Every structure is written in C-alpha cells, then in structure tokens.
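S.K.: sequence unknown, structure follows:
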Ligand SMILES: NC(=O)C1=CN([C@@H]2O[C@H](COP(=O)(O)OP(=O)(O)OC[C@H]3O[C@@H](n4cnc5c(N)ncnc54)[C@H](OP(=O)(O)O)[C@@H]3O)[C@@H](O)[C@H]2O)C=CC1
Ligand SMILES: CC(=O)N[C@@H](CCC(=O)OP(=O)(O)O)C(=O)O
C-alpha cells in the first residue's frame with residue numbers, strides 16, 4: 001500500500017479526493033491537511049462534508065510547512081487541492097521529501113514564466129519545476145505521466161475543451177486559419193468553497209465572464225497547438241461543465257474521418273464516453289468521473305459538445321487517473 005496525503009482537504013476538490021483515496025485498493029489515506037491557521041483545523045472532514053460521514057471521519061490537520069521534510073518522509077503521494085499560489089509555494093518541499101506530487105491548481109500547467117505574470121499575477125519562482133511538470137490530461141499524456149513526480153492536473157474548462165478538440169487537431173482535420181470557438185458553462189463549485197459575492201445564491205445568474213482574458217484560453221491553446229476563442233459562463237447550478245465548441249474543418253473532411261479521429265483517440269479509454277444519437281448533458285456526468293463527447297457536422301462546420309463534472313474529471317478524478325497511470329494501477333481504480 002502506498003500512503004497518500006491531501007493538502008486542501010476541506011475544499012470542494014479536496015473532499016472529492018478524500019472519497020476516492022479512501023476507497024482505493026492500493027492507497028492508504030495517511031493525512032488530511034488545511035492551512036496552518038485554518039478555522040477548520042482539528043475538525044473531522046465528515047463534519048465539513050456530511051456525505052463523507054462513515055467514509056472519512058479523520059480530522060483535517062494544520063500543515064506546518066517547516067516540518068514537511070520530517071512529517072512527509074514516509075508519504076509516497078501528495079495531492080495538492082490548494083490555490084495556485086499555495087501549490088506554487090509548496091510543491092518543491094514535497095518533492096524534496098520524496099513524494100509524488102499531483103497538483104490540481106494551475107501553478108505548473110504552462111511552461112512559460114510570462115504566462116504566470118500575465119494571467120496569474122505572480123512571478124513564477126520555480127522554472128526548473130515548470131519544465132519538469134507533466135500536464136495531467138490523462139488520456140493524452142500517459143507515457144510522460146508514468147515518468148514524472150510532478151503532475152500538473154489539467155484545468156476544468158481545459159479538460160472539457162481539449163478532450164473535445166484534440167482528436168480533430170491531432171488528426172489534422174481542423175482548418176489552420178480558423179480559431180476554434182469554445183463557449184462553456186460551469187457550475188458555481190468551480191469557484192471553490194470560500195464565500196464570495198459573485199458566487200452567492202442570489203447573485204448567480206447565467207452570464208459570461210472573463211471574456212478574452214480568462215487564464216484557461218492560453219492553457220487550452222498551449223496544449224491543443226491550435227488557437228481558440230474561449231468564453232466561460234457561470235451557471236446557477238452546483239457542479240458540472242458543458243462546453244459547446246464550433247470548429248471549421250479542412251475542406252473536404254468527411255464524417256467518416258471525423259468519426260475515425262474520435263474512435264481512434266479514445267479506443268480503450270472508458271472515462272471518455274462518445275455518445276451517439278444524443279447530446280451530452282450535465283445530468284449524465286455529475287458526480288461521475290466520465291466526460292461525454294458528441295458532435296454534428298454540416299459541410300465544413302462541426303459542433304462538438306463535451307460535458308464533465310468540474311470537481312471530478314475537471315479536477316479530483318482526473319488526478320486519481322494520473323495517479324493510477326503513474327503507479328501502474330488499473331486505470332479506473334477507485335473511480336468506477
Ligand atoms: N473547484 C473546481 O471546480 C476546480 C478547482 N481546481 C483547482 O483546485 C484547487 C482547489 O480548488 P477548490 O477545491 O475549488 O478550492 P477550495 O477553496 O474549495 O479549497 C481550498 C482548500 O485549500 C485549503 N488551504 C488554503 N490555504 C492553504 C494553505 N496555505 N495550506 C494548506 N491548505 C490551504 C483550504 O482550507 P483553509 O482555507 O481552511 O486552510 C481548503 O481546504 C485550486 O487550485 C483550483 O483552481 C481545478 C479544477 C476544478
Ligand atoms: C466557475 C469558476 O469560477 N470557475 C473557475 C475555474 C475553475 C478552477 O478552479 O480553475 P482551474 O481548473 O484552473 O483550477 C474560474 O473561472 O476561475
């Protein structure tokens with residue numbers, strides 16, 4: 001059995017990770033951490049997330065950063081379910097303690113220091129870790145994930161977008177002079193558990209945000225190798241992302257070529273479900289690790305739709321997929 005600790009365990013993605021790790025056959029849940037001065041320190045995780053009652057009743061503990069080397073010497077795996085800046089600051093200490101690190105934040109996803117200045121508002125201090133980190137898009141990067149100790153788990157909107165678009169781009173079917181246009185709507189849990197006015201019940205109404213400047217636009221473009229326009233929307237539901245994407249295909253692209261691109265890309269990958277004769281919806285994927293994809297073509301225009309649970313395939317279950325790949329466990333262990 002490998003030992004895993006979750007940092008940021010009281011948050012939305014941290015609690016999902018705790019559920020997965022607790023039912024993983026090859027991993028023991030060895031620690032749940034929050035910040036040093038957290039108001040929740042000492043509380044049972046199941047008092048913060050009632051659905052974990054009888055599943056994960058252990059308390060969340062304050063993380064003492066100065067003691068990481070000592071306290072994590074016998075921990076094999078650390079899952080960082082923390083804000084970008086926190087993951088940025090903590091990852092190195094866990095790597096130095098000999099842990100595999102799976103970071104759910106954006107701190108190591110794009111290998112460009114300027115990207116962090118512009119889109120995250122901080123100067124990245126760890127260029128060598130940025131270079132070493134492997135992008136955790138499980139279906140596409142398995143070979144690299146197997147060989148790294150630092151996985152930057154793909155973002156929620158990027159997972160929905162890349163899963164839908166990569167088969168077409170990799171097969172060379174997309175017209176190079178046209179940007180793919182991604183319109184995606186997320187449930188409010190995408191903003192995390194902390195209270196804020198924009199995510200409060202009476203304020204949320206379906207609307208776009210981050211137009212032309214959301215940090216996921218460059219993340220998607222960088223890992224797709226094709227330019228995109230990305231417009232996120234906030235919806236008045238708890239969890240799930242639905243992305244509707246317009247793509248212009250190269251002249252003469254047939255329906256058979258498009259179908260073959262998707263079938264080939266996801267053969268044997270049963271977390272990606274290709275739907276036929278029905279569209280993805282949030283109801284079909286919420287509380288599951290699946291991502292559903294379906295498309296329709298009209299001449300050179302293609303509309304592809306994907307849906308996932310932002311907290312799961314968009315974060316926690318994808319982290320577990322990466323962990324399974326890295327450690328040679330069954331791909332869907334603890335997930336399905
Ligand atoms: N929510 C989503 O849909 C997705 C989130 N992500 C990413 O995953 C990460 C976690 O997101 P989410 O679960 O929504 O966040 P939450 O805000 O729900 O949870 C954050 C957690 O981090 C803890 N924390 C805060 N500061 C520290 C610290 N210095 N040391 C240790 N723990 C700390 C918080 O507890 P406390 O403050 O009490 O210490 C809490 O447990 C983020 O980087 C986010 O961008 C990625 C994809 C999707
Ligand atoms: C609804 C909402 O606010 N969503 C968040 C994205 C979710 C998230 O945490 O982003 P990462 O996947 O990069 O970690 C946002 O738009 O910033």
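M.R.: Everything's here; your move. Predicted, not measured: the structure shown is a model, and the values here were computed from it. Residues are numbered from 1 along each chain as shown. Ligands and ions are numbered 1, 2, ... in the order given.
S.K.: Only C-alpha atoms from now on, for both contacts and neighbour counts.
M.R.: Fine.
S.K.: Now the residue of the stretch 51-200 of the chain found nearest ligand 2: closest residue in space that isn't a chain neighbour?
M.R.: In the stretch 51-200 of the chain, the residue that lies nearest ligand 2 is residue 155 (3.2 Å; C-alpha to the nearest ligand atom). Using C-alpha to C-alpha, 6 or more residues apart in numbering and skipping residues adjacent in sequence, the residue nearest residue 155 is residue 314, 6.2 Å away.
S.K.: now residue 15
M.R.: residue 9 (5.5 Å).
S.K.: ditto for residue 11
M.R.: residue 193 (5.8 Å).
S.K.: Next: residue 248.
M.R.: residue 301 (4.9 Å).
S.K.: The closest residue to residue 327 other than its chain neighbours and residue 112: what is the separation?
M.R.: Excluding its sequence neighbours, the residue lying closest to residue 327 (C-alpha to C-alpha, 6+ apart) is residue 146, at 7.1 Å. Here residue 146 is placed at a distance of 23 Å from residue 112 (C-alpha to C-alpha, to the nearest Å).
S.K.: out of the two, which sits in the busier spot?
M.R.: residue 146 (17 against 14; other C-alpha atoms under 10 Å).
S.K.: Report pLDDT for residue 113.
M.R.: pLDDT for residue 113: 89.
S.K.: Remind me which helix or strand the closest residue to residue 141 other than its chain neighbours belongs to.
M.R.: Leaving aside its sequence neighbours, residue 141 sits nearest to residue 135 (C-alpha to C-alpha, 6+ apart; 7.1 Å). Following DSSP states H and E, one finds residue 135 within strand 134-136.
S.K.: same thing with residue 106?
M.R.: Going by DSSP H and E, residue 106 is not part of any helix or strand.
S.K.: and the stretch 151-300 of the chain, which residues reach ligand 2?
M.R.: Within the stretch 151-300 of the chain, the positions adjacent to ligand 2 are 155, 156, 186, 187, 188, 190, 191, 234 by C-alpha under 6 Å from any ligand atom.
S.K.: What count of nearby residues applies to the fifth one?
M.R.: Translated: residue 188. 22.
S.K.: Can you report phi and psi for residue 319?
M.R.: phi -60, psi -40 (degrees, to the nearest 10).
S.K.: So which elements touch the strand holding residue 135?
M.R.: Applying 3 or more C-alpha pairs under 8 Å, 6 or more residues apart in numbering; DSSP states H and E, one finds that strand 134-136 makes contact with helix 142-145, strand 150-153, helix 316-327.
S.K.: Could I get the ones you listed in a markdown table, plus columns for mean pLDDT, distance to ligand 1 and mean neighbour count?
M.R.: Putting the helices and strands packed on strand 134-136 into a markdown table (pLDDT from 0 to 100; distance: least, C-alpha to the nearest ligand atom, whole Å; neighbours: other C-alpha atoms under 10 Å) gives the following:
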| stretch | mean pLDDT | distance to ligand 1 | mean neighbour count |
| --- | --- | --- | --- |
| helix 142-145 | 98 | 18 | 18 |
| strand 150-153 | 98 | 8 | 28 |
| helix 316-327 | 98 | 8 | 25 |
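S.K.: Please tell me how far residue 39 sits from ligand 2.
M.R.: 22 Å (C-alpha to the nearest ligand atom, to the nearest Å).
S.K.: Kindly tell me how buried residue 169 is, as a neighbour count.
M.R.: 18.
S.K.: Report whether it is found in a strand, as I expect.
M.R.: No - the assignment for residue 169, made by DSSP: H, G, I helix; E, B strand; the rest coil, is helix rather than a strand.
S.K.: Residue 223 is in contact with that one, correct?
M.R.: No - judged on C-alpha atoms under 8 Å, residue 169 makes no contact with residue 223 at a distance of 10.8 Å.
S.K.: ok so, going back, mind checking which of the residues of the stretch 151-300 of the chain next to ligand 2 land in helices?
M.R.: Those of those mapping onto helices are residue 156, per DSSP state H.
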